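*Asks:* here's a sequence, model it:
(one chain, ligands or ions: 1)
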Amino acid sequence: MDKAKRKAIIAGNWKMNKTPKEAKELLTAIAPLVADADCEVIACVPYVDLATAIEATAGTNVKIGAENCHWAASGAFTGEISTGMLKEIGVEYVVLGHSERRQYFGETDETVNKRTKAALAAGLKPIVCVGELLWERECNITEEVIARQIKLDLWDVTEEELKNVVIAYEPVWAIGTGKTATAEQAEEVCAFIRAQLAKLYNQDAADAVTIQYGGSMNDGNADELLSKVNVDGGLIGGASLVAEKFAAIVKAASK
Ligand code: PGA
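*Replies:* Below you'll find the predicted structure:
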């Protein structure tokens, strides 16, 4: 298992935070702090912030992602955004299957899979989120839950397409709760995800996939989490809204 085979990626997930004006301010503060990063740096922002964010980060190493996308090219899907719309304005990444989408907006593994396939076909790089509920962990079925999500969410994704997929392991009980998984718990599940990918594809393909941890990752615990061999980066919620905290995590991933 060779960590050097993969790109470390730190991605901010801003969720429903920051107006376009505030987004510009935050990105203008972040960009110089992460200019020397030895990892990929992404900010995934609300739809209305995307154009401003892309403009504010032009010429920097900060890439911009969306927080969701629909699978259809166009049509009667009120409130949804297509991959073509995102591509045209210069979006590179898209978060898919976040637990908040699954929990509050009826997202299922089937729709996550449809969105993932569409994103890949459009040339976007999906950050596919998986993770168990606290109840599922307590019932000792974390691995079953994760194996099912990985299999269904990546259904029909080819080995070639997998090169553009990032997986984020986000235990639902750790998101926004301040309750981080221990580095050992994160490593255990990230390693399990890689083993599942090796089963579905092959070891080389699995070794090349960036697997992030997400769930209350911050400037205090990033070092330890990122020191684990299968933890290749982070998907950061709360701490991504504070330039110095986000930059400190980027620094930890650059070591
Ligand atoms: P958090 O969110 O860092 O605020 O826990 C992580 C996420 O939901 O991606």
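
*Asks:* going forward, measure contacts and count neighbours with C-alpha atoms only.
*Replies:* OK.

*Asks:* this structure: helices as residue ranges?
*Replies:* 20-33, 50-56, 83-89, 99-104, 109-122, 134-138, 142-153, 159-162, 183-200, 203-207, 222-226, 243-253 (DSSP state H).

*Asks:* take these and lay them out in JSON lines including mean neighbour count.
*Replies:* Formatted as JSON lines, the entries for those read as follows, by neighbours: other CA atoms under 10 Å:
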{"stretch": "helix 20-33", "mean neighbour count": "17"}
{"stretch": "helix 50-56", "mean neighbour count": "19"}
{"stretch": "helix 83-89", "mean neighbour count": "17"}
{"stretch": "helix 99-104", "mean neighbour count": "14"}
{"stretch": "helix 109-122", "mean neighbour count": "22"}
{"stretch": "helix 134-138", "mean neighbour count": "13"}
{"stretch": "helix 142-153", "mean neighbour count": "19"}
{"stretch": "helix 159-162", "mean neighbour count": "14"}
{"stretch": "helix 183-200", "mean neighbour count": "19"}
{"stretch": "helix 203-207", "mean neighbour count": "17"}
{"stretch": "helix 222-226", "mean neighbour count": "21"}
{"stretch": "helix 243-253", "mean neighbour count": "22"}
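
*Asks:* which stretch in those helices has the least confidence?
*Replies:* With a mean of 94, helix 134-138 has the lowest mean pLDDT of these.

*Asks:* residues making contact with it?
*Replies:* When contacts are defined by CA atoms under 8 Å, 6 or more residues apart in numbering, helix 134-138 is touched by residues 142, 145, 171-173.

*Asks:* quick check: the farthest pair among these?
*Replies:* Greatest spacing in the contacts of helix 134-138, by CA to CA: V145 and W173 (14.0 Å).

*Asks:* among the contacts of helix 134-138, which are in reach of the ligand?
*Replies:* Taking CA under 6 Å from any ligand atom as the test, the ligand is in contact with none of these.

*Asks:* reformat the helices of the chain as CSV; add distance to I42.
*Replies:* CSV is the format used below for the helices of the chain (distance: least, CA to CA, whole Å):
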stretch, distance to I42
helix 20-33, 10
helix 50-56, 11
helix 83-89, 15
helix 99-104, 19
helix 109-122, 17
helix 134-138, 28
helix 142-153, 22
helix 159-162, 19
helix 183-200, 20
helix 203-207, 22
helix 222-226, 16
helix 243-253, 10
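
*Asks:* and the gap between A168 and V94?
*Replies:* With the distance defined as CA to CA, to the nearest Å, A168 ends up 12 Å from V94.

*Asks:* kindly report the same for E184.
*Replies:* Counting by CA to CA, the separation of E184 from V94 is 28 Å.

*Asks:* cool, and I141?
*Replies:* 28 Å.

*Asks:* these two: which has the busier surroundings?
*Replies:* Each of I141 and V94 has its neighbours counted (other CA atoms under 10 Å); V94 has more, 27 against 14.
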